[in-house]
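Trainee: prediction below, plus the sequence it came from.
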2 protein chains.
Amino acid sequence: MRSEDLPVIGQLPLFADMDEEHFADLMRAAYLQTFPPQVDLISEGDRADFLYVVVEGCVELYARSNGREATMSLVRPVSTFILAAVLKDVRYLMSGRTTEKSRILLIPSEDIRRAFRQDDAFARAIVVELASRYRAVVRDHKNQKLRTGVERLANRLLVIERDQGGKGRLTLPYDKRTLASLLGMTPENLSRAFNTLKPYGVEVSGSEIRLTKAGDLRGLAKPNELIDDDTDGPVG
Amino acid sequence: MRSEDLPVIGQLPLFADMDEEHFADLMRAAYLQTFPPQVDLISEGDRADFLYVVVEGCVELYARSNGREATMSLVRPVSTFILAAVLKDVRYLMSGRTTEKSRILLIPSEDIRRAFRQDDAFARAIVVELASRYRAVVRDHKNQKLRTGVERLANRLLVIERDQGGKGRLTLPYDKRTLASLLGMTPENLSRAFNTLKPYGVEVSGSEIRLTKAGDLRGLAKPNELIDDDTDGPVG
DNA sequence: CGACGATTTGAATAGGATCAATGGGAGTGG
DNA sequence: CCACTCCCATTGATCCTATTCAAATCGTCG
């Protein structure tokens, strides 16, 4: 673990209030590694040996059953994954792989659990992190069950555009294959969804997209802050 | 709050290790109420005023967007719901209503948050509860995305049969309308799914069901402990 | 240039949803 | 005890969304 990364990690809400000694213990036991794209990090059914933190890059969580496979979510910096399995000391429910070159922090689960027992501030920070993950999954679930593929794409485009400055154009932060699985559809379907959105002013060239009729698009998308807004800010 | 209920509540894992004084404070502020079926308890978007505990009966969590509505999960005794929103002091992401006559404990969220700050054992118990809820949602999500409606029904029947003693017969613990939404399908579709399962030895009469070819049914269902098994028991 | 992977397009199919209508069982009132 | 009613469950027909399989196209990189 390179020492220059320590401050970044230590500022994460999950660790920020920890006793320094306990944090140092955790970091001594941890590994920070860089992985190429498409590397399998964990596999569902394995026991939870490590807690993972995505420091840079992107990890896709997915699951299999029968012959089928489904993307569950994409994890972007800075965020943990499979925290629940680590705390309960049970098997992973999901598999995870990098979608791009990524820097990942691995912390042995036994150390996490010890810190959880010893450090009250850490235990409380874990609650906040878990609650956030939980709500993110619920949002995903709502997005998936209450919207069609076209609507999911429209809303996603609006969110990305807003994040990139609201200038009516945006650059997709992942390839279309990954975007498709994030949206819970096949690449073919994504392609068709883009065509469907053309009359709503969505102009695609590669990963550059312009939204020339944001109003129309918003009319179709019907954004909903209880699905799209990740902020969980104070009640307004 | 009737005193005879106190011991039951106090034995819940969530409260069992709390300081007695803190627990007493919580219970003084709480209400235990009985609701008829189909009563709306919470509505998505409302701020989280109470933590709810289903003591008896059943609560359906659902969500709306556009004109659509989707059941997110059914909560059965004894379990909390919307704990994450209460802890983060943000708006509910889901609405909830009773599906049958139910006894529900309501605890003001501010009291929950105070106990969370003051009582370390409670804070840790909350982590376990949250982690369990989280994994339950992930399981639901997998069930939904990796299986067809017929497969979901087949697996559910096998689980219920096992819970009721594995004697090749079972009694549905809810009406078919509720079962349908639990399985993420319409009542019409559930009806057809039962027909599809007839060749696999599923004999339905009302809410009494016999499984005469459990092997065949299991072959179709392909049960998966990472989806169907709620135990989260020790690894191994 | 040539090859390879990613994306797009097309055609056929499956899984569900929706709308409409019918059947059936439990409870109510006569 | 029987008719009536209401609600749930079932059945049928049709529509829509999305998946699958196949093939063409595009783009990039060696």
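Mentor: Happy to help now that I have it.
Trainee: wait, isn't A:Arg76 in contact with A:Val54?
Mentor: Yes: contact criterion Cβ atoms under 8 Å: A:Arg76 and A:Val54 qualify, at 6.6 Å. (Each C-beta comes from the backbone N, C-alpha and C, glycine too.)
Trainee: more crowded one of the two?
Mentor: A:Val54 (22 against 15; other Cβ atoms under 10 Å in any protein chain shown).
Trainee: surely the more buried one is within a helix?
Mentor: No: assignment of A:Val54 by DSSP: H, G, I helix; E, B strand; the rest coil gives strand, placing it outside any helix.
Trainee: next one: it relative to DNA strand C, how far apart?
Mentor: Applying Cβ to the nearest atom of the strand, to the nearest Å, the value for A:Val54 to DNA strand C is 21 Å.
Trainee: identify the bridge partners of that residue.
Mentor: A:Ser79, A:Ile104 (DSSP bridges).
Trainee: my guess is it meets A:Glu100, correct?
Mentor: No: counting by Cβ under 8 Å, A:Val54 does not reach A:Glu100; the two are 10.8 Å apart.
Trainee: contact partners for the residue nearest to A:Ala214 when sequence neighbours are not counted?
Mentor: Taking Cβ to Cβ, 6 or more residues apart in numbering or on different chains as the measure, A:Ala214 lies nearest to A:Gly168, with 6.4 Å between them; neighbours along the chain are not counted. Contact criterion Cβ atoms under 8 Å, 6 or more residues apart in numbering or on different chains gives A:161, A:210-212, A:214 as the residues in contact with A:Gly168.
Trainee: for these, work out which two are farthest apart.
Mentor: A:Glu161 and A:Thr212 (11.5 Å; Cβ to Cβ).
Trainee: neighbour count winner among those two?
Mentor: Residue environment comparison for A:Glu161 versus A:Thr212 gives the larger neighbour count to A:Glu161, 20 against 12, counting by other Cβ under 10 Å.
Trainee: pretty sure that one contacts A:Thr171?
Mentor: No: in this structure A:Glu161 lies outside contact range of A:Thr171 using Cβ under 8 Å: 9.9 Å.
Trainee: which neighbours do the two share?
Mentor: Residues touching both A:Glu161 and A:Thr171 comprise A:Ile209, with contact defined as Cβ under 8 Å, 6+ apart.
Trainee: thinking again about what came up before, the residue nearest to A:Ala214 and chain B, how far apart?
Mentor: With the distance defined as Cβ to the nearest Cβ, to the nearest Å, A:Gly168 ends up 25 Å from chain B.
Trainee: what distance do you get for that residue to DNA strand C?
Mentor: Between A:Gly168 and DNA strand C the distance is 19 Å, computed by Cβ to the nearest atom of the strand.
Trainee: which pLDDT value goes with that residue?
Mentor: Residue-level confidence at A:Gly168 comes out at 96, pLDDT.
Trainee: how close does the residue lying closest to A:Leu211 once chain neighbours are set aside sit to DNA strand D?
Mentor: Setting aside the residues directly before and after it, A:Leu211 is nearest to A:Gly168 in space (Cβ to Cβ, 6+ apart), at 5.3 Å. Taking Cβ to the nearest atom of the strand as the measure, A:Gly168 and DNA strand D are separated by 22 Å.
Trainee: distance between stretch A:130-137 and the chain's centre?
Mentor: 11 Å (Cα atoms, centre = their mean, to the nearest Å).
Trainee: I'd like the mean pLDDT over that stretch, please.
Mentor: For stretch A:130-137, the per-residue pLDDT values average out at 94.
Trainee: all helices for chain A, in order.
Mentor: When secondary structure is read from DSSP state H, chain A shows helices at A:6-11, A:13-16, A:20-29, A:83-88, A:109-118, A:120-146, A:149-163, A:176-182, A:187-197, A:214-221, A:225-228.
Trainee: hmm, who's touching the fifth one?
Mentor: So that's helix A:109-118. Residues outside helix A:109-118 that contact it (Cβ under 8 Å, 6+ apart): A:18, A:22, A:25-26, A:29-30, A:48-51, A:86-87, A:89, A:122-123, A:126, B:124, B:127.
Trainee: list buried residues within those.
Mentor: With neighbours counted by 16 or more other Cβ atoms under 10 Å in any protein chain shown, these contain buried members at A:18, A:22, A:25-26, A:29-30, A:48, A:50-51, A:86-87, A:122-123, A:126, B:124, B:127.
Trainee: could you identify the most distant pair in these?
Mentor: Spanning the widest gap among the buried ones among the contacts of helix A:109-118 are A:Ala30 and B:Arg124, at 22.3 Å by Cβ to Cβ.
Trainee: dump the helices of chain A to CSV, plus distance to B:Gln38.
Mentor: Listed next are those as CSV, based on distance: least, Cβ to Cβ, whole Å:
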stretch, distance to B:Gln38
helix A:6-11, 48
helix A:13-16, 40
helix A:20-29, 49
helix A:83-88, 32
helix A:109-118, 41
helix A:120-146, 21
helix A:149-163, 29
helix A:176-182, 36
helix A:187-197, 37
helix A:214-221, 32
helix A:225-228, 23
